[in-house]
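**Student:** next input, structure requested:
(one chain, ligands or ions: 1)
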Amino acid sequence: MTHYADLIERRFGDGGPSGDGVADNEFIRRVIARKTVRRYGDTVPDEALLDLLVAAALSTSAKSDFQQASILRVSDPAKRTAIGALFPAMPWIGVSPVFFIFLGDARRLQRVGELRGKPVRNGTLEGFFNASVDAALAMQTMILCAESAGLGVCPISVIRNEIDKVATILNLPDLVFPVAGLCLGYPQGEGHVSLRLPRRATTHRDSYDDGALSEAIDDYDRRRDARHAIPKDQQRQNKEFGEAAFYGWSEDKARQAAKAEGAAFPPYLRAHGFTFD
Ligand SMILES: Cc1cc2nc3c(=O)[nH]c(=O)nc-3n(C[C@H](O)[C@H](O)[C@H](O)COP(=O)(O)O)c2cc1C
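**Tutor:** Now for the predicted structure:
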């Protein structure tokens with residue numbers, strides 16, 4: 001008896017393990033079937049539910065118990081509009097019923113050091129990385145809890161591309177930076193489960209081996225294209241790279257990654273307390 005085979009097939013379609021013999025677990029089923037949602041109904045989730053989701057997010061594990069995540073909810077309509085206007089290609093940012101921002105907060109620990117008279121310098125790479133991981137874990141915990149309550153969400157890291165403007169709107173002090181925003185609301189429309197890379201490309205045992213990557217990616221491209229082909233008019237940077245006869249996931253992601261994003265983020269961080277030493 002398998003409770004997961006269909007869901008795993010839909011998520012991976014890679015012929016890999018499908019949870020045979022594992023007891024049914026609704027939470028795991030929901031996680032495997034989850035999908036990012038970018039269109040929401042107008043209903044605003046109850047404040048009590050949002051408070052609960054924040055509590056759940058802040059219950060996540062935290063590196064060294066330093067607790068370096070902070071959550072900022074943007075509810076002021078003028079601020080929502082101002083942030084949304086920075087990203088016209090992603091209209092859901094300005095209009096989702098709820099918008100949180102998950103902050104890596106290296107400032108609080110440094111302030112704790114000051115309060116206790118200890119020489120804490122938290123603008124190091126370690127400080128940045130720990131705060132980033134804490135914020136990401138808190139965000140993902142909120143994502144899974146929100147989805148289990150029937151909500152749909154979309155993380156928003158594009159806000160870092162306009163970090164100076166976003167930080168000004170939100171009055172972010174030194175050593176505090178957004179890891180990502182999170183749009184949240186009741187889903188409108190079905191969406192689809194996004195096929196993941198075959199697990200033979202993303203999992204390893206005992207030692208790392210990506211010797212079969214090329215074949216795995218070709219296979220993934222073909223299977224993903226058969227389910228959700230990328231329309232011709234969505235090919236990126238055709239001027240630079242030309243129109244591709246076959247435009248799969250790997251062509252799309254290679255083109256996307258070749259155009260570096262987030263150039264403003266490192267100088268912003270260096271100007272706001274991070275030395276990365
Ligand atoms: C850290 C992070 C940042 C993201 N930033 C954005 C974003 O700025 N805009 C957006 O529309 N989606 C964003 N996404 C959503 C991803 O595009 C989405 O998770 C991915 O396409 C896989 O789809 P799925 O979550 O439905 O499986 C982000 C996801 C993560 C984890």
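
**Student:** sec struct for the residue positioned nearest the centre of the chain, please.
**Tutor:** With distances taken as Cα atoms, centre = their mean, P155 lies nearest the centre of the chain, 4.6 Å away. For P155, the assignment made with DSSP: H, G, I helix; E, B strand; the rest coil gives strand.

**Student:** the closest residue to it other than its chain neighbours and I159, how far apart?
**Tutor:** Nearest residue to P155 in three dimensions, chain neighbours excluded: A180, at 4.6 Å (Cβ to Cβ, 6 or more residues apart in numbering). For glycine as for every other residue, the C-beta is placed from the backbone atoms N, C-alpha and C. Taking Cβ to Cβ, to the nearest Å as the measure, A180 falls 7 Å from I159.

**Student:** what is the neighbour count of the residue of the stretch 1-150 of the chain found nearest the ligand?
**Tutor:** When distances are taken as Cβ to the nearest ligand atom, the stretch 1-150 of the chain reaches nearest to the ligand at T36, 3.5 Å away. T36 has 13 neighbouring residues, counting by other Cβ atoms under 10 Å.

**Student:** and for C183?
**Tutor:** 24.

**Student:** in three-state terms, label it for me.
**Tutor:** Applying three-state DSSP: C183 is strand.

**Student:** then L103?
**Tutor:** Looking at L103 with three-state DSSP, the answer is strand.

**Student:** what sits against the residue nearest to it when sequence neighbours are not counted?
**Tutor:** For L103, ignoring the flanking residues on the chain, the nearest one in space by Cβ to Cβ, 6+ apart is S70 at 4.3 Å. If you count contacts by Cβ atoms under 8 Å, 6 or more residues apart in numbering, S70 has them with 102-103, 105, 108, 135, 176.

**Student:** kindly recompute the last result at 7 Å.
**Tutor:** By Cβ atoms under 7 Å, 6 or more residues apart in numbering, the residues touching S70 are 103, 105, 176.

**Student:** among those residues, name the buried ones.
**Tutor:** For those, a burial check counting by 16 or more other Cβ atoms under 10 Å picks out 103, 105, 176.

**Student:** can you tell me how far the last one is from V166?
**Tutor:** Think V176. 12 Å.

**Student:** just to be sure, the residue nearest to P155 is in a helix?
**Tutor:** No. Using three-state DSSP, the assignment for A180 is strand, not a helix.

**Student:** can you tell me how far it is from L137?
**Tutor:** 12 Å.

**Student:** okay, how far is it across stretch 257-266, tip to tip?
**Tutor:** Stretch 257-266 has an end-to-end distance of 17 Å (Cα to Cα, to the nearest Å).

**Student:** hang on, I meant stretch 34-45
**Tutor:** Start-to-end, stretch 34-45 (Cα to Cα) is 19 Å.

**Student:** ditto for stretch 148-167
**Tutor:** End-to-end span of stretch 148-167 (Cα to Cα): 31 Å.

**Student:** now stretch 14-29
**Tutor:** With Cα to Cα, one end of stretch 14-29 sits 18 Å from the other.

**Student:** stretch 52-65 too?
**Tutor:** End to end - Cα to Cα - stretch 52-65 spans 21 Å.

**Student:** average pLDDT for it?
**Tutor:** Stretch 52-65 shows a mean pLDDT of 98.

**Student:** what parts of this structure come near the ligand?
**Tutor:** Proximity of the chain to the ligand, by Cβ under 6 Å from any ligand atom, involves residues 35-36, 38, 90, 154-158, 180, 194.

**Student:** let's see that with 8 Å instead.
**Tutor:** 34-36, 38, 87, 90, 92-93, 136, 139-140, 154-159, 179-181, 191-194, 196 (Cβ under 8 Å from any ligand atom).
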